[in-house]
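**Student:** give me the fold of what follows.
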Amino acid sequence: MIETYQKTLEMNPRDFEAFYNLGVCYTAKRDFGKAIEIDPEKRAARAWSALGIIYRQKEDKDNALKCGLKAVELNQTELYSGIIWEVYISALVNRIKR
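**Tutor:** Model prediction:
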């Protein structure tokens, strides 16, 4: 699958779905470094949220919170729906506990 998304991006470097799915593939393989390296300018709110989850799994609470805030900034309408809210609140709570 990774090769398919890479080829898609060669043909259309602005395909946000391909960037997102590529990140999902890397995350599924637990290759968090590759998922994190995806160009931030290519990320939509959903991708920032997913990146926040990766950082949270790595116990990097500061970056998890930054990604959650960026996701909210890009898409206010998703604030209360699912993962963006969960990443943001989880990172915020963990940061306060420190």
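**Student:** so how many other residues sit close to residue 12?
**Tutor:** Number of residues near residue 12 (other CB atoms under 10 Å) recorded here: 11. All C-beta spots, glycine's among them, are computed from the backbone N, C-alpha and C.
**Student:** ok, it - contacts?
**Tutor:** residue 18 (CB atoms under 8 Å, 6 or more residues apart in numbering).
**Student:** and it, how far is that from residue 6?
**Tutor:** Counting by CB to CB, to the nearest Å, the gap from residue 12 to residue 6 is 12 Å.
**Student:** which elements pack onto the helix or strand hosting residue 63?
**Tutor:** Following DSSP states H and E, one finds residue 63 within helix 61-74. Where contact means 3 or more CB pairs under 8 Å, 6 or more residues apart in numbering; DSSP states H and E, helix 61-74 is packed against helix 45-57, helix 83-97.
**Student:** buried residues, stretch 22-29. List them.
**Tutor:** 22, 23, 25, 26, 27 (16 or more other CB atoms under 10 Å).
**Student:** low pLDDT regions in this structure?
**Tutor:** Residue ranges of the chain with pLDDT under 70: 40-43, 75-98.
**Student:** please repeat the previous calculation with a cut-off of 50.
**Tutor:** Low-confidence segments of the chain (pLDDT under 50): 80-81.
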